[in-house]
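Student: return atomic coordinates for the entry below.
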Amino acid sequence: MQMLVEVPKNKAGMYTLIGKVVTFFCCRYIYTGKLVGINDVDIQLEDPSIVYETGKFSDPNWKDTQKLPNKTLFLKHAAIESFGIMK
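Tutor: Numbering: from 1, shown residues only. Alright, predicted model coming up:
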């Protein structure tokens with residue numbers, strides 16, 4: 001797992017979001033948490049939550065977000081459809 005303290009100059013996209021709370025729209029679910037690691041196969045979220053109901057995207061919080069019981073969650077790149085800082 002590649003852990004970044006600083007974004008290398010030749011990296012872009014997801015690497016620029018390391019250390020921030022990022023929302024990932026995946027094949028079946030929406031996950032949110034602090035992006036702390038990236039490798040060729042998966043990403044690592046710290047303090048992860050699953051979003052069961054978004055509500056209005058203009059609202060400051062998700063309508064139904066539930067913290068997952070584990071400190072760390074790994075998501076496969078292949079399952080991620082889109083991502084960004086949402087809330």
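
Student: any regions of the protein where pLDDT drops low?
Tutor: 1-11 (pLDDT under 70).

Student: mind listing what Phe74 touches?
Tutor: Phe74 makes contacts with 42-45, as judged by CB atoms under 8 Å, 6 or more residues apart in numbering. (Glycine included, C-beta is placed from N, CA and C.)

Student: what is it paired to in the beta sheet?
Tutor: Gln44 (DSSP bridges).

Student: what separation do you get for it and Gln44?
Tutor: 6 Å (CB to CB, to the nearest Å).

Student: how about Ser58?
Tutor: With CB to CB as the criterion, Ser58 and Gln44 are 29 Å apart.

Student: settle it for me: which of those two has more neighbours?
Tutor: Gln44 (20 against 5; other CB atoms under 10 Å).

Student: you'd agree the more buried one is up against Lys76?
Tutor: No. Contact criterion CB atoms under 8 Å: Gln44 and Lys76 do not qualify, at 11.4 Å.

Student: quick check: Val22 is in a strand.
Tutor: Yes. Counting by DSSP: H, G, I helix; E, B strand; the rest coil, Val22 is located in a strand.

Student: surely Glu46 is in contact with Asn70?
Tutor: No. Taking contacts as CB under 8 Å, Glu46 lies outside contact range of Asn70: 10.0 Å.

Student: if you count surrounding residues, which of the two has more?
Tutor: Neighbour count, other CB under 10 Å: between Glu46 and Asn70, Glu46 has more, with 15 against 11.

Student: so the more buried one is in which element?
Tutor: strand 42-53 (DSSP states H and E).
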